[in-house]
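Asks: Make a model of this:
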Amino acid sequence: MSDPADLLEEAVPHEEQEQVTHKLIGEIVEAIDDRDAARVRELFEDLHPADAADAVEQLVYDQQVELAEIAPEVFGGEMLAELQEDTRADIVNELDPSHLAEAIQDLDSDDMTLVVEDLSPEMREQVLAEVPAADRTRLESSLSFEEDTAGRLMQREFVAAPTFWSVGNTIDHMRKAGEDLPDLFFEVFVVDEGFKPIGSVPVSKLMRFPRDTKLADIMETPHAIIRPDRDQEEVAYLFEKYHLISAPVVDDDGRLSGMLTIDDIVDVIQEENKEDMLALAGVNEASSADTVWSSVKARAPWLLVNLGTAVLASGVIALFEGAIAQLVALAVLMPIVASMGGNAGTQSLAVAVRAIASRDLTVSNAARVIWREFAAGALNGVIFAVVMGAVAGLWFQNVTLAWVIGLAMIINLACAGLAGILIPLGLKRAGADPAVASSVFVTTVTDVVGFFVFLGLGAMVLL
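Replies: The predicted model follows:
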């Protein structure tokens, strides 16, 4: 008889095993170039949907389109749901509506919505016309909600039971439901006579109690009952705050209409973090199908704003052109002061934007956080004032110049810390997204303050 440990070792894949290798991608590209549909299907056949999606995303846009032409069956429903949003949007409109309608039929309603929402209006109509009536009704209902809301994100398959049911009744019901159950669920929602959720029983808890135990005796009070129009970022916050693995979604009358699960919320968290990161740089997410011109149009507006702020900083420098002409050392050293301030402001800004997004920064602790960032900036200013003062003194053999750059460094880094926290707070209060607009204003403050203080002190003390 085989050793159970050996069987287990064979059954569990090694963590270091890489499913999508460079060799595999090379073979897929070669098969696509040869238009060898049979070889393409063979290469994708044993891949997990997530790995198949990963492989597709490593292809360039033209190869993805050609893949959809020669082997559309590679794009199954689960794989389409696993694709990144921009890649999926490029691919689904290249597929035949009949194939797409068939591919999504085995998906839960939330994944079906993910795929269908990326279709063009004409393509969407064709696909909806070919799916079963029940699926079409669920899809149309989900698509009626705004993007990035709980209603668009939720799945309409769930398990609900009345309070008077026992554990045995619930288990028997789930066994009879069979394929009508959600593919993935963690809780049974307990509802009252009006189908309003009043509690839940985790499946793990359900398995521990005798069959005659009433659900009312073991149910847990729900920490969050979510409205379909609630923003997905707020929903993600609730999941994180209460350590939820699923949550009920109710309609306008409070009746249970769907559920959200942790796998969808993980995607939301990743998406929101990515959006914030890109927004700090003043860019949007690029698709593999984007042209040079579309990328230019997306990035040019913030570059134009940055140009305006750069002109403002140059205007400050122009105020002291006489001082710079008399003492070249000022021109040599002033970029250092501005650069250090810009970096310090960016650090403070990143902390502030993240704290606002995660709701760690609130009205009650704002004063303490503002003081902390100011003090940290000032202390860093002192440290680097000593360093840069010594460097400037030795470089130009001028002790007064060393004191000037040191004092300018302290003032600018302290102001950078304040700007990095106050600007995103101000934008948030004004209803703007702090991640989108903050960086250009923080950089402007640090440049203007840095140049003005350093050159102003230099003109007063050194000339």
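Asks: List the residues that contact the residue sitting furthest away from the middle of the chain.
Replies: Within the chain, the residue lying farthest from the chain centre (C-alpha atoms, centre = their mean) is Leu463, at 52.5 Å. Contacts for Leu463 (C-beta atoms under 8 Å, 6 or more residues apart in numbering) come out as 323, 326-327. Heads up, the C-betas are built off the backbone N, CA and C, glycines and all.
Asks: ok, now which ones touch Leu107?
Replies: Neighbouring residues of Leu107 by C-beta under 8 Å, 6+ apart: 77-78, 81, 115.
Asks: nope, Ala416 is what I meant
Replies: Taking C-beta under 8 Å, 6+ apart as the test, what Ala416 contacts is 341-342, 344-345, 348, 377, 442, 445-446, 449.
Asks: what's the farthest-apart pair in those?
Replies: Ser348 and Val449 (13.8 Å; C-beta to C-beta).
Asks: ok, back up a step: and the pLDDT at the residue farthest from the centre of the chain?
Replies: For Leu463, the pLDDT comes out at 70.
Asks: Same check on Leu303?
Replies: 78.
Asks: try the one 4 residues further on
Replies: Per-residue confidence (pLDDT) for Leu307: 85.
Asks: Which strand or helix spans it?
Replies: helix 292-318 (DSSP states H and E).
Asks: right, and the helix or strand after that helix?
Replies: helix 321-326.
Asks: Nearest to the middle of the chain, which residue? Look it up for me.
Replies: The residue lying closest to the centre of the chain (C-alpha atoms, centre = their mean) is Glu271, at 2.1 Å.
Asks: what sits against Leu260?
Replies: 150, 153-155, 226, 235, 239, 246-247, 249.
Asks: repeat that with 6 Å
Replies: Each residue near Leu260 by C-beta atoms under 6 Å, 6 or more residues apart in numbering is listed here: 154, 247.
Asks: Pretty sure it sits in a helix.
Replies: No. If the criterion is DSSP: H, G, I helix; E, B strand; the rest coil, then Leu260 is strand and not within a helix.
Asks: could you give the mean pLDDT of stretch 274-291?
Replies: Stretch 274-291 carries an average pLDDT of 62.
Asks: Stretch 376-386 too?
Replies: Computed over stretch 376-386, the average pLDDT equals 94.
Asks: go on, stretch 152-169?
Replies: 94.
Asks: cool, and stretch 332-350?
Replies: 91.
Asks: Can you give me the buried ones in that stretch?
Replies: 333-334, 336-338, 340-342, 344-350 (16 or more other C-beta atoms under 10 Å).
Asks: Make JSON lines out of the contacts of Ala416 and add secondary structure and distance to Ala31.
Replies: As requested, the contacts of Ala416 are arranged in JSON lines below (DSSP: H, G, I helix; E, B strand; the rest coil; distance: C-beta to C-beta, whole Å):
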{"residue": "Gly341", "secondary structure": "helix", "distance to Ala31": "54"}
{"residue": "Gly342", "secondary structure": "helix", "distance to Ala31": "49"}
{"residue": "Ala344", "secondary structure": "helix", "distance to Ala31": "52"}
{"residue": "Gly345", "secondary structure": "helix", "distance to Ala31": "51"}
{"residue": "Ser348", "secondary structure": "helix", "distance to Ala31": "51"}
{"residue": "Gly377", "secondary structure": "helix", "distance to Ala31": "57"}
{"residue": "Val442", "secondary structure": "helix", "distance to Ala31": "50"}
{"residue": "Val445", "secondary structure": "helix", "distance to Ala31": "55"}
{"residue": "Thr446", "secondary structure": "helix", "distance to Ala31": "53"}
{"residue": "Val449", "secondary structure": "helix", "distance to Ala31": "59"}
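Asks: which two from the buried residues of stretch 332-350 end up farthest apart in space?
Replies: Pairwise over the buried residues of stretch 332-350, using C-beta to C-beta, the maximum falls at Leu333 and Ala350, 26.7 Å.
Asks: re the thing from before, name the nearest of the contacts of Leu107 relative to Glu373.
Replies: The closest of these to Glu373 turns out to be Ala81 (C-beta to C-beta; 41.7 Å).
Asks: Just the pLDDT for that closest one.
Replies: 91.
Asks: what about it, how many neighbours?
Replies: Per other C-beta atoms under 10 Å, the neighbour tally for Ala81 reads 21.
Asks: Kindly report the same for the one 5 residues further on.
Replies: Burial of Asp86, expressed as a neighbour count using other C-beta under 10 Å, amounts to 16.
Asks: Give me the buried positions along the helix or strand where it lies.
Replies: Element membership of Asp86 [criterion: DSSP H and E] is helix 85-92. Residues of helix 85-92 classed as buried by neighbour count (16+ other C-beta under 10 Å): 86-92.
Asks: Rounded mean pLDDT for it, please.
Replies: The predicted model gives helix 85-92 an average pLDDT of 87.
Asks: right, and the helix or strand after it?
Replies: Next helix or strand after helix 85-92 toward the C-terminus (DSSP H and E): helix 97-103.
Asks: so what does that next one touch, helix or strand wise?
Replies: Packing partners of helix 97-103 (3 or more C-beta pairs under 6 Å, 6 or more residues apart in numbering; DSSP states H and E): helix 121-130.
Asks: Tell me what angle the helix it packs on forms with helix 85-92.
Replies: 70 degrees (axes from the mean of the first three to the mean of the last three C-alpha atoms, to 10 degrees).
Asks: what comes up buried for helix 121-130?
Replies: 123-124, 127-128.
Asks: cool, and stretch 138-145?
Replies: In stretch 138-145, counting by 16+ other C-beta under 10 Å, buried: 138-139, 141-142, 145.
Asks: For the residue nearest to the centre of the chain, which three-state class applies?
Replies: For Glu271, the assignment made with three-state DSSP gives helix.
Asks: residue contacts, it?
Replies: By C-beta under 6 Å, 6+ apart, Glu271 has no neighbours at all.
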